[in-house]
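Enquirer: my questions are about this predicted structure, shown below with the sequence.
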Amino acid sequence: MEGMAMTPDEIQRVVEFHGHWCPGLAIGIRAGELALAEFGHAGDEEVVAVAETDMCGVDAIQVLTGCTFGKGNLLHLDHGKLAFTFYRRRDGKALRFYFTGEGLGAPSEEMTALNRKRSMDTLGPEEARRLEALRAEWSEQIMGASPSDLFRVEPVAESVPQRARLMASLACETCGEKTMESRTRRFDGRILCVPCFERLDRRL
């Protein structure tokens, strides 16, 4: 794969973590590759990643860069975009990688139609095998392309997100379960967790 800097072992580690091989994971691997080249590995919270999607590629970001949800240096913005922004704390460097795939061309009409059938749960066994073959081909194209054919890279003006903070937990006054203070809601003088508040809101 001439466009790749990742080793087969690194790629296999990502696939094992995620559970399967797919185009979305390939996109995440290539974004992680770019991030490592520009920022290095995230020692503790030195590098912060912001993912604008919750698709497969986020798993690759976690495995390759060291930015993870559990450490608090991988944040999710629910924008539904194939975009990843990375920040480095020591010097404020920040870049956003937006997947365009312009150098690949569009996925084939056949793959698009089969993906639509799969989403509607009307895919037959032979069609499922054909779709997996097409997805594998598309993944290989992503892995073999140059980064400039895959991503638009642009500087980011926003400051580095704050470090993860340890916060007090408060007991919800409806279910009694402890909830991080910043996630609680207040209603009629009571402290509520988000699920209890939303159930209350639906009844009003």
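Expert: Thanks, I have it. Residues are numbered from 1 along each chain as shown.
Enquirer: which residues touch residue 156?
Expert: Residues near residue 156 by CB atoms under 8 Å, 6 or more residues apart in numbering: 85, 87, 94-96. For every residue, glycine as well, the C-beta is placed using N, CA and C.
Enquirer: apart from its chain neighbours, what residue comes closest to it?
Expert: If the residues on either side of it in the chain are set aside, residue 156 comes closest to residue 94, at 3.9 Å by CB to CB, 6 or more residues apart in numbering.
Enquirer: can you pull the contacts of the one you found?
Expert: Going by CB under 8 Å, 6+ apart, residue 94 touches 85-88, 155-158, 160.
Enquirer: which one of those residues sits closest to residue 14?
Expert: Within those, proximity to residue 14 (CB to CB) peaks at residue 86, which comes in at 17.2 Å.
Enquirer: ok so that closest one is a strand residue?
Expert: Yes. Under DSSP: H, G, I helix; E, B strand; the rest coil, residue 86 sits within a strand.
Enquirer: mind putting the contacts of residue 156 in a markdown table, distance to residue 131 and pLDDT included?
Expert: Output for the contacts of residue 156, formatted as a markdown table (distance: CB to CB, whole Å; pLDDT from 0 to 100):
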| residue | distance to residue 131 | pLDDT |
| --- | --- | --- |
| 85 | 31 | 97 |
| 87 | 37 | 95 |
| 94 | 37 | 96 |
| 95 | 34 | 97 |
| 96 | 31 | 97 |
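Enquirer: top of those by neighbour count?
Expert: In terms of neighbour count, residue 87 stands highest of the contacts of residue 156 at 24 neighbours, by other CB atoms under 10 Å.
Enquirer: what sits against that residue?
Expert: For residue 87, counting by CB under 8 Å, 6+ apart, the contacting residues are 47-50, 93-94, 156, 160-161.
Enquirer: who does the residue nearest to residue 156 bridge with?
Expert: Residue 94 forms beta bridges with residue 87, as assigned by DSSP bridges.
Enquirer: how close does it get to residue 100?
Expert: 19 Å (CB to CB, to the nearest Å).
Enquirer: over to residue 66?
Expert: Distance, residue 66 to residue 100, by CB to CB: 26 Å.
Enquirer: looking at the two, which is more packed in?
Expert: Counted by other CB under 10 Å, residue 66 and residue 100 do not tie: residue 66 has more neighbours, with 22 against 13.
Enquirer: how about the contacts made by the more buried one?
Expert: 41-43, 47, 73.
Enquirer: what's the answer for residue 13, then?
Expert: residue 63 are the contacts of residue 13 under CB under 8 Å, 6+ apart.
Enquirer: residue 193 now?
Expert: 172, 174-175, 177, 179, 183-185.
Enquirer: report the buried residues of the helix or strand of the chain with the lowest mean pLDDT.
Expert: Least confident element among the helices and strands of the chain, by mean pLDDT, DSSP states H and E: helix 194-203 (a mean of 81). By 16 or more other CB atoms under 10 Å, the buried positions in helix 194-203 come out as 196-197.
Enquirer: nothing else from me, thank you.
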